[in-house]
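J.: here is the input, now give the coordinates:
(chains A and B)
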Protein chains: 2
Amino acid sequence: MSRWPLPEPMQLALMEAQAGESAGEVPIGAVIVKDGKVIAAAHNQPRGLSDPTAHAEMLAIRAAAQVLGNERLDGCELWVTLEPCPMCAGAISHARIGKLYYAASDPKGGAVEHGARVFEQAQCLHRPEVYTGMGEAEAAGLLRQFFQSRR
Amino acid sequence: MSRWPLPEPMQLALMEAQAGESAGEVPIGAVIVKDGKVIAAAHNQPRGLSDPTAHAEMLAIRAAAQVLGNERLDGCELWVTLEPCPMCAGAISHARIGKLYYAASDPKGGAVEHGARVFEQAQCLHRPEVYTGMGEAEAAGLLRQFFQSRR
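T.: Now for the predicted structure:
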C-alpha cells in the first residue's frame, strides 16, 4: 500500500521550507507555477536578507514577476506551505494570482480563513481560487519541529 | 497670514509621490524617519520594476531595513501619502514600525481604517501608533489629477 503522492509543486514548496530551516529561517516555502512549469521558488528569508517583507510568497511573487517581465502574474498558481499572512495575501491579490494552494492553515497569523480575511473584503479587487490541506501534516510538522528546537 | 507648514517628512513623501507621477506610476510616496533623520524614501513603482509588491511603503521599508542592517525597524516612523493597503499594513506590522502617519484615507483600498483593518485584528502582533490627515488635500489632489488625466 502506498500513499497518494503530494502534487509536485507542494513537494517542492516543502523542500524549500526545509532549505529555509537549514538556513535558520522559519521553515515556509513557496513555488509559482505557470502553464504547468515552475517559474519561481523561495523560502522565508527575513533574517538572511534583513528584509521584513521577505516571506516565501513575496520572494516567489517578485521572482516570478521578473521572469515574466510583468507585474501581473495572470494564470499563475502559488503553492505555499502555510496560510498567507495579510501582507502576502495582499500581494497575491495585487499580483492577480489565479490559484492559491496552501498546506497548513495558520490561526495565529493567517489572513485567508482567519483574522483580516483579505480575500473576503468587499474592497478586494482580485480573489484567487483557494485550495488547502494537501501536505498539511508535513508543513505543520516542519514548523512544530523548528519552534520546539528553539525553545 | 500663512498656513502652518506640513511636517517635513510629509512634504518629502508628497515630493516622492510627484516623482512617481512623473515616472507614470500612481502618485504615492513614503518616507521613513529614525531619530529625526530620513533614512529611506520611495514612490510607487510596480510598473517600472515589474513588481506587484513595489508599493511606496514596501520599497521604503526594505530600503530602511538595508540601511539599518536589521529586519526590524524599531523606533522608526513611516510617513506615507495614502492609507496603506493590506499588504503594506502587514509589512508595517512585521517591520515593527513605531509610528505611522498617513495623509489621505483610502476607502477603496485601505486596510487601516477600512476593509481588512489589519492592526485591529486580535492576531496582529505589533500595532503602530497611527496619525492621519496632515497633507490630506495635497495627497488626494495628486491622485485625483492622475486618474482624471488617464480617463
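J.: can you give me the strands in chain A?
T.: For chain A, the strands defined by DSSP state E cover A:29-34, A:37-43, A:76-82, A:99-104, A:129-132.
J.: the first one: partners in the sheet, and parallel or antiparallel?
T.: Based on DSSP bridges, the strands next to strand A:29-34 in the sheet, each with its direction, are strand A:37-43 (antiparallel), strand A:76-82 (antiparallel).
J.: if you compare those strands, which one is most tucked away?
T.: Comparing the strands paired with strand A:29-34 by mean neighbour count (mean count of other C-beta atoms under 10 Å in any protein chain shown), strand A:76-82 comes out on top with a mean of 28. C-betas here are computed from N, CA, C, even on glycine.
J.: roughly how far out does that strand sit from the chain middle?
T.: Its chain's average C-alpha position is 4 Å from that of strand A:76-82, according to C-alpha atoms, centre = their mean, to the nearest Å.
J.: can you tell me which residue is spatially central in chain A?
T.: With distances taken as C-alpha atoms, centre = their mean, residue A:80 lies nearest the centre of chain A, 2.8 Å away.
J.: export the strands of chain A to TSV and tack on mean pLDDT?
T.: Shown next, in TSV, are these (pLDDT from 0 to 100):
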stretch	mean pLDDT
strand A:29-34	98
strand A:37-43	98
strand A:76-82	98
strand A:99-104	98
strand A:129-132	97
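J.: in a markdown table: those strands, plus distance to residue A:6.
T.: A markdown table is the format used below for these (distance: least, C-beta to C-beta, whole Å):
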| stretch | distance to residue A:6 |
| --- | --- |
| strand A:29-34 | 12 |
| strand A:37-43 | 14 |
| strand A:76-82 | 10 |
| strand A:99-104 | 9 |
| strand A:129-132 | 13 |
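J.: for residue A:93, find the nearest of these.
T.: Between residue A:93 and the strands of chain A, the tightest spacing by C-beta to C-beta is seen for strand A:99-104, at 9.9 Å.
J.: report whether the closest one contacts chain B.
T.: No - judged by C-beta under 8 Å from any C-beta of the partner chain, strand A:99-104 stays clear of chain B, getting no closer than 14.3 Å.
J.: buried residues, that strand. List them.
T.: A:100-104 (16 or more other C-beta atoms under 10 Å in any protein chain shown).
J.: what do you get for stretch A:115-133?
T.: By 16+ other C-beta under 10 Å, the buried positions in stretch A:115-133 come out as A:115-119, A:121, A:123-124, A:128, A:130.
J.: next, the distance between the ends of it.
T.: By C-alpha to C-alpha, to the nearest Å, the extent of stretch A:115-133 from end to end equals 19 Å.
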